[in-house]
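Chemist: Below are the sequence and a predicted model; questions follow.
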Amino acid sequence: MDPAEYDLPVFHRGGFRRRTCVVCGSGFWTLGEHDRCQEAPCREYGFVGHPIFARPYDVRGMRSEFLGFFEARGHTRLRRYPTVARWRNDVFFTQASIYDFQPWVTSGAIPPPANPLAISQPVLRFNDLEEIGRSGRHFSLFEMMAHHAFNRPDHPVYFKDRTVELCHELLTGPLGTDPLGITYKEEVWEGGGNLGPSLSVGVAGLELATLVFMEYVRDGADLRPMPLTVVDTGYGLERFVWASQGTKTAYEAVFGAEYDELRRTFPPREAALLIDHARALNFLLTDGVVPSNSKEGYFARLVLRRSLRILDQTPEAPTLVALLDRAAREIALDFPEVGEHRDDLHRTVEAEIERYREAIARARQTIRRTEDRLRSTGGSVTSEDLLAWYDSLGVPPEVAVEELAAPPAIPEDFYARVAARHEGETPTTEYTETTAPLPEVPASVPATEVGYYLDPYTVSFEARVAHADGPYVVLDRTYFYPTGGGQVTDTGHLGDLAVVEVSRRGPHVFHRLERESPFRAGDKVRGRIDPVRRTQLMQHHTATHLLNGALREVLGPHAWQAGAYKAPEAARIDVTHYRPLSKEELRRVDRRVNEIVREDRPVKSYFEARTEAERRFGFTLYQGGAVPGKELRIVEVPGFDVEACGGTHCTHTSEVGAVSILDVERIQDGIVRLTFASGERALDLREEHEEILQEAARRLGVPVAHLPSGIERLLAEVEEGRRTRKERRREDLQGTAARLRAEAGAPADRRPLVIAAEVDLDRRELMELSRLLTRDGNAVAVLAAEREGRGTLFVGSTAPGVSALSVLEAGTPAFAGKGGGNPSAATAVGEPGEPLRTAWRAARDAANRATDD
RNA sequence: GGGCACGUAGAUCAGCGGAAGAUCGCUGCUUUCGCAAAGCAGAGGUCGGGGGUUCAAAUCCCCCCGUGUCCA
């Protein structure tokens, strides 16, 4: 990066000098006399015992100091965003404050909610779990305080100079840091295809903040300037608090009394880990993550189970629920939403604890059995087994060892070796913005004015063609709904040509025609939307919201929409829940939804400032993922459900008609899917189902009401028939066996009985017959059969010293038989006809010879 | 999203290329005034589904489905 990027007026004004760190070699700016940047590892921690701020702060005090400082300097204070980044498909969690504004705001697609702004964003990072409690400074959840500015060419806010000025003023002003002790180290930040210079702010060995200036787009080897430049800062709240108190570890400073309480029962490391995890879990669960075995749910399960393991090892430990409650009380002082819905959170946690206990109990059994088996063969359990058990059964090694009579040592690097087992796996697919292959539109084409938001009933309109390219037409205004938000496209006509698909990219709506567009820019066209399809889609979409509301009422607020799809034929909604829906829950959801439909409540759709909407309704607005825009389109069923949504909706719940839930399934751990239909389609389906029932009843010859018992009877009959057939076959075989035995007569003395016969049976029957013949012991059966042009020779023996296999082998060459077996049963297949008979005679003779001995 | 493990009698599981098993539960008989218990006898299986390899597949291979688990 060009050194000029860091050569800021603010440094020169303030008398800073640029130096080079003797350790890491980086350039840095400072007022003090330093030969190295003031960050670990270039210099050691110098703040422990010597706080670097004028006075100690707790978390709350520091947060409000920071936000107040920026608010007083023209920044709008924003509330936190959810810790689960539902609006992105490349990450699970909000890992930095800038995530709140990616990708829509930072790409310039939509304006920021405020500009400039200040926020303290709780962020989750699970990549250093092993360090938590051990390092003294790692957290799975921490708050990233930030001030952001988004600069458009026509609307600059501030960039590097002012950012550094603000940062420096904060540190040296209200916080009272010694100006000479601060270093601004030159770094390069790169991410998501963007890059820019950044400055890392170090004091007394601690990296307090990072100031990033997103400025360029990487275009191959070249850098292009971004149309929108972004100030992305990150100030670690916990670090600030720690530095202000100068305690030995960050945990003491950050968690205060809560930490002291736990220290009475746990060693420092465990105490810190427990509070840290309790804090993360509270946020995760509040923000709607249900513990599961995949995606974001796994991380909730991971921290939950890690906590449980520690609690389980300590007899006087509090319960996990109590621990979470204690942490929630603390968090709720600043984030009141975390304290709400305690009962629901408890139920989720209890369900997860139960599952963990079950998994461990099952695993213990498997482990014991495996060890028994190994020991009986002279083997023993190895540390490799411990790894495999952890991986496939989820048993932590300490638990496995408890179960073993001769446990191996738990490897020091156990979890590293677990990680090694996962190397070479296919990486997760990279984030790709899902844009249809739409043609480029000249910048001069104005944004499409869309009418469906405020008027979903207009299905015929006049518009002017703004741009046409191949089959694609962009209009100056449209009422066609483009695929999005889980709602499929409208169809219809432009002029006489069918519109087969409508999609949106950026500000433009593209109508794809059935063939090459005859229209040219400037043409006037009439748009007609297929009204039946549109109405059905509206009904399905509104019904989705109603179901979502009912599910949250019935299941609890942890039930978040995890996906939805609305097509004309049917719609579905996926919600997070910790176990399959019970019949009763389903019945209540069904009743509640249809009750809301009957009540004919208004469905209000309107635009509202994002900040205001979030304040009024909270983040549960974002059921369908975050919706871009400074203004949110709110779809509200007063007193029941409010969501930010861009879809077309009915204006009254009664228009939905009726909602029929067609199917419920668990699509993965922690997510249930409801498939349903509403409106006309629900009636159609009801009719179809009725017809199917009628038809089934007619074919069974019973009234519909007796279908279940009729089917039961039918099944019983089928079963009876199966039994009878089986019985008859057995009797046939028994008859054959009796006949053959009689023909063979009684053997002399105690010599084994040899029964040889040609029969017409298949392989399986041969085996059964042989079994019948030799059941009483001391007998040899030599059976031959022909089926499908192949000859089969079967030998069974219960005679001591007579090997069925040897007898068989005496016959195999004669009919080119291939086969094998064991001393008690052997079979071969070869040529049919005379060769088979020859083989059979050879085998019979061999059997007779063997029994003569 | 990927890796691994698992799916066999009503339940818990064994078997891991050659004639489907154990324990508990169930039914009947013996014993008892009755129950429990014990003994004896018996019923109960498309070995998750579908393809393939093989003379032969619960067993090996592939693809699905389901469950668990670890990792992103």
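Modeler: That came through, no problem. None of these values were measured; they are calculated from a predicted model.

Chemist: Contacts only, for whichever residue of the stretch 301-450 of chain A sits closest to RNA strand B.
Modeler: Nearest residue of the stretch 301-450 of chain A to RNA strand B (C-beta to the nearest atom of the strand) works out as A:Gly394 at 2.4 Å. Bear in mind the C-beta positions are built from the backbone N, C-alpha and C, glycine included. By C-beta atoms under 8 Å, 6 or more residues apart in numbering, the contact list for A:Gly394 reads A:305, A:359-360, A:363.

Chemist: Recalculate using a threshold of 10 Å.
Modeler: A:293, A:301, A:305, A:355-356, A:359-360, A:362-363 (C-beta atoms under 10 Å, 6 or more residues apart in numbering).

Chemist: Check A:Gly549 too.
Modeler: With C-beta under 10 Å, 6+ apart, A:Gly549 has these contacts: A:589, A:592-593, A:596, A:623, A:637, A:639-643.

Chemist: And it, how close does it get to A:Phe335?
Modeler: 24 Å (C-beta to C-beta, to the nearest Å).

Chemist: Please apply the same query to A:Arg775.
Modeler: 76 Å.

Chemist: ok, now A:Leu513?
Modeler: 51 Å.

Chemist: same thing with A:Val188?
Modeler: 34 Å.

Chemist: So if I had to pick from those two, which one is more boxed in?
Modeler: Shown here are A:Val188 and A:Phe335; by other C-beta atoms under 10 Å, A:Phe335 has more neighbours (18 against 11).

Chemist: pretty sure the more buried one contacts A:Ala327?
Modeler: No: if you go by C-beta atoms under 10 Å, A:Phe335 and A:Ala327 don't touch, sitting 11.6 Å apart.

Chemist: out of the contacts of A:Gly394, who's near RNA strand B?
Modeler: Counting by C-beta under 7 Å from any atom of the strand, A:293, A:301, A:305, A:355-356, A:359, A:362 from the contacts of A:Gly394 sit close to RNA strand B.

Chemist: which residues of chain A score low on pLDDT?
Modeler: A:426-436, A:626, A:853 (pLDDT under 70).

Chemist: longest helix in it, by residue count?
Modeler: helix A:707-744 (DSSP state H).

Chemist: Can that helix be said to contact RNA strand B?
Modeler: Yes: using C-beta under 7 Å from any atom of the strand, helix A:707-744 reaches RNA strand B at A:Arg723.

Chemist: Point me to the residue of the stretch 651-800 of chain A nearest RNA strand B.
Modeler: A:Gly796 (3.0 Å).

Chemist: After the one helix or strand that residue maps to, which helix or strand is next?
Modeler: If you go by DSSP states H and E, A:Gly796 is part of strand A:790-797. Downstream of strand A:790-797, the next assigned helix or strand under DSSP H and E is helix A:804-811.

Chemist: report the angle between the axes of the next helix or strand after that next one and strand A:790-797?
Modeler: As assigned by DSSP H and E, the chain's next helix or strand after helix A:804-811 is strand A:818-822. Strand A:818-822 runs at 20 degrees relative to strand A:790-797, counting by axes from the mean of the first three to the mean of the last three C-alpha atoms, to 10 degrees.

Chemist: who does strand A:818-822 touch, helix- and strand-wise?
Modeler: Under the contact criterion of 3 or more C-beta pairs under 10 Å, 6 or more residues apart in numbering; DSSP states H and E, strand A:818-822 touches strand A:790-797, helix A:804-811, strand A:825-830.

Chemist: redo that, cut-off 8 Å
Modeler: helix A:804-811, strand A:825-830 (3 or more C-beta pairs under 8 Å, 6 or more residues apart in numbering; DSSP states H and E).

Chemist: Alright, I will stop here.
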